[in-house]
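[1] got a predicted model here, sequence first, then my questions.
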Amino acid sequence: MKKSFYNLNFEDLENILRENGLNTSAASLLFNWHYKKKVIAPCTVDISKKTLNFLEENLSFELPQIDIVHESSDRTVKFLFKLHDGSKVETVLIPFHGKYSICLSSQVGCAMNCSFCFTGTQGLKRNLDTSEIVGQFLVAWNWLVQNREEGGRILNIVFMGQGEPLHNFDVVKKACDIFLSKNGASIGNQKITVSTSGFIPGLKRWSEESLDVNLALSLHSPFTEKRNELIPINKKYPLEEVLSYIDTIPLRRKQFITYEYLLIKDFNDQEIDARKTGELLKGKEAFINLIPFNPFPGSEYQRPSEDIVENFKLILKEYMIPTLVRTTKGDDVLAACGQLNSKS
Ligand code: SF4
């Protein structure tokens, strides 16, 4: 079976070319063609016949196929991608001022079983490979070029779609390598965020191997019982331990850890929740995103009122923690946070 070109970072590609007696300069040409120019068709420019034959015989350039596209009234786009084995994952493009952020999936389904999340109801089917992650980005980019007058300008990448990214650490790390590569997509490390529910084996690897992108932790409650209900792996990897691993991650200049806080009506949206969160995070290089809950079919939780959300934010301000309320986008097509699944 052929290896996927999109599973290789720049170094891997150079090694393969070298080992097969080919000129390694083809690696720059290929990365430039597929990741800088984002061309999906095979590269034919300036590459020797010998290298072209090798590529054709040994590497596959297959990408995920778009199965369904949902376009929201606010211009959010949700793709259902079909993978080579028939599995499906979703990817979301979130618009802001004529540009886009992309929310990528890292697994088919998810093992973490978070109670507020549509994906969590499916269980884990399998990990994605790197080609299936960078493929979501490339195919979405090309869709934008063909379908939106502002073109394909994806400026931010967040791993907040289906799956726990740190549960698929090596693959996500390699996808980040490819996105960051100066020979390819050349996306700045401030523009890529990997989110985790608090999967300690992955955080441990992060602190040892220093993944050069931003980290977001799904906090959702500072109280053990409530967090256990929302994120069951909190029972195995308690928040205090998660936070101490995060404290070992070296931060670059201007780098913050983002703490995501899903606000659920009458569950974790009261003053006591805000104050405990403020106490927990005060003094850290922290940034909080408040996300009012997005209901999905069968969910038992509800979204709090705008006043409650604003009040929560004001309390956190007393603790000098920069806090943003993340506006909900794409909820009319179930593309908002926590609403993704593999069927629609
Ligand atoms: S919120 Fe994230 S980690 Fe939790 S079940 Fe959903 S996809 Fe998995």
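    Alright, I've got the coordinates.

[2] skipping adjacent residues, who's closest to Leu47 in space?
    Not quite, residue 47 is Ile, not Leu. Spatial nearest neighbour of Ile47, chain neighbours left out: Ala26 (5.5 Å); criterion: Cβ to Cβ, 6 or more residues apart in numbering. Where C-beta positions appear, they are placed from N, C-alpha and C, glycine not excepted.

[3] give me every residue that touches that neighbour.
    The neighbours of Ala26, taking Cβ atoms under 8 Å, 6 or more residues apart in numbering as the test, are 17, 47-48, 51.

[4] from the chain's centre, how far out does the helix or strand that contains it sit?
    Ala26 is part of helix 25-31, with elements assigned from DSSP states H and E. For helix 25-31, the separation from the chain centroid amounts to 27 Å (computed by Cα atoms, centre = their mean, to the nearest Å).

[5] the chain against the ligand: which residues are in contact?
    110, 112-114, 117, 119-120, 162-164, 197 (Cβ under 6 Å from any ligand atom).

[6] next, count neighbours for Asn142.
    By the criterion of other Cβ atoms under 10 Å, Asn142 has 16 neighbours.

[7] repeat that for the one 4 residues further on.
    Counted with other Cβ under 10 Å, the neighbours of Gln146 add up to 8.

[8] next, it: secondary structure please.
    helix (DSSP: H, G, I helix; E, B strand; the rest coil).

[9] distance of it from Val69?
    11 Å (Cβ to Cβ, to the nearest Å).

[10] so Trp33 lies in a helix, does it not?
    Yes: according to three-state DSSP, the state of Trp33 is that of a helix.

[11] rewinding a little: just checking, next helix/strand downstream of the helix holding Ala26?
    helix 49-58.

[12] and that following helix, what does it pack against?
    With contacts taken as 3 or more Cβ pairs under 8 Å, 6 or more residues apart in numbering; DSSP states H and E, helix 49-58 sits against no other helix or strand.

[13] give me the buried stretch members for that helix, please.
    51, 54-55 (16 or more other Cβ atoms under 10 Å).

[14] what are the boundaries of the helices in the chain?
    10-19, 25-31, 49-58, 130-147, 169-180, 200-209, 224-230, 239-247, 271-281, 306-318 (DSSP state H).

[15] quick check: angle from the first one to helix 130-147?
    Think helix 10-19. 110 degrees (axes from the mean of the first three to the mean of the last three Cα atoms, to 10 degrees).

[16] how far off helix 49-58 does helix 10-19 point, in degrees?
    Going by the same axes, to 10 degrees, helix 10-19 makes 110 degrees with helix 49-58.

[17] so which elements touch helix 10-19?
    Counting by 3+ Cβ pairs under 8 Å, 6+ apart, helix 10-19 packs on helix 25-31.

[18] quick one: neighbours of Leu29, just the number.
    By other Cβ under 10 Å, neighbour count at Leu29 equals 16.

[19] state the distance from the closest residue to Phe79 other than its chain neighbours to Arg303.
    Once flanking residues are discounted, Phe79 sits nearest to Thr91: 4.7 Å by Cβ to Cβ, 6+ apart. Distance check for Thr91 against Arg303: by Cβ to Cβ, it reads 24 Å.
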